[in-house]
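**Q** I'll drop the sequence and a predicted model, then ask my questions.
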Amino acid sequence: MKKIYTTAIAIGAVIFANAQSELTFKPFKVDIAIGYALPSGSGSKAGALVAIEPKYALNDNLTLGLRMETAITVQGAVVNDEIKEGDVKGSGSYLATADYYFNTNRFRPFVGAGAGLYTNASADLTGEATTEEVEASRTRKFGFAPRVGFEFGHFRTAIEYNVAGKSATLNNNYLGIKLGFFIGGGRYE
């Protein structure tokens, strides 16, 4: 029985080592991106986002990662059926991600998704005729983000829709349009 296990482990190690040597790209990379955050909801105005995402490639077509992102926007709220305009809303997220690349060319389109924890906070909402403060406590919610994009060389662009739910009167969903680059993950030479 020990010989069977030893043989199976040896065969598995040879197959795994051979598969790793056939990779076109280095397996570890870190994406760094900035972008445009467009929140959902009435009275909302666009802002900016910044993200960092370390990734590991299981093979040339599939990567797994951890996205850490912060988005700052002007968020609108509905209070007593009246649209209020907000000052600042911050959203931070930690998502486990996966991307599927359609080819191994220099231009690499991909689709992906992430799921994880969103933390949202906002304050200082004002109405049209009067100034009033609306308490909007910090919330943590589970959410997800489907995305599409492409890489060209070491540059990356993506569009993703972050579904973070609602808290009190605020809609926390937003569209992110990102431009960035990555360190590592290039082709083997």
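**A** In hand now; what should we look at? Residues are numbered from 1 along each chain as shown.
**Q** Which residue lies nearest the spatial centre of the chain?
**A** Centroid-nearest residue in the chain: residue 67, 5.0 Å away (criterion: CA atoms, centre = their mean).
**Q** my guess is that residue meets residue 53, correct?
**A** Yes - Residue 67 is within contact range of residue 53, at 4.3 Å (criterion: CB atoms under 8 Å). All C-beta atoms are positioned from the backbone trio N, CA, C, and that covers glycine.
**Q** Work out the sheet partners of the strand ranked longest in the chain and label each with its direction, please.
**A** The strand of greatest length in the chain, counted in residues with DSSP state E as the criterion, is given as strand 107-123. Strand pairing for strand 107-123, determined by DSSP bridges: strand 88-101 (antiparallel), strand 139-152 (antiparallel).
**Q** Tell me, how many residues neighbour residue 115?
**A** Each residue near residue 115 was counted by other CB atoms under 10 Å, and the total is 14.
**Q** CA atoms of the longest strand of the chain as CSV?
**A** The C-alpha trace of strand 107-123 is given here as CSV (Å, rounded to 0.1, in the frame of the first residue of the first chain):
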residue,chain,number,x,y,z
PHE,A,107,-3.6,41.6,-25.7
ARG,A,108,-5.5,39.5,-23.1
PRO,A,109,-9.3,40.1,-22.6
PHE,A,110,-10.8,38.7,-19.4
VAL,A,111,-14.0,38.3,-17.4
GLY,A,112,-14.0,37.9,-13.7
ALA,A,113,-15.8,38.4,-10.4
GLY,A,114,-15.2,39.0,-6.8
ALA,A,115,-17.1,38.5,-3.5
GLY,A,116,-16.4,39.8,-0.1
LEU,A,117,-16.9,42.5,2.5
TYR,A,118,-17.8,46.1,1.8
THR,A,119,-17.6,48.9,4.5
ASN,A,120,-19.5,52.1,3.7
ALA,A,121,-19.7,55.4,5.6
SER,A,122,-21.2,58.8,4.8
ALA,A,123,-22.2,62.1,6.5
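**Q** rewinding a little: which helix or which strand is home to the residue nearest to the centre of the chain?
**A** strand 62-74 (DSSP states H and E).
**Q** Okay, now the sheet partners of that strand, with direction.
**A** When pairing is defined by DSSP bridges, strand 62-74 lines up against strand 45-57 (antiparallel), strand 88-101 (antiparallel).
**Q** could the ones you listed be laid out in a markdown table, adding mean neighbour count, distance to residue 155 and mean pLDDT?
**A** Shown next, in a markdown table, are the strands paired with strand 62-74 (neighbours: other CB atoms under 10 Å; distance: least, CB to CB, whole Å; pLDDT from 0 to 100):
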| stretch | mean neighbour count | distance to residue 155 | mean pLDDT |
| --- | --- | --- | --- |
| strand 45-57 | 17 | 14 | 95 |
| strand 88-101 | 18 | 15 | 93 |
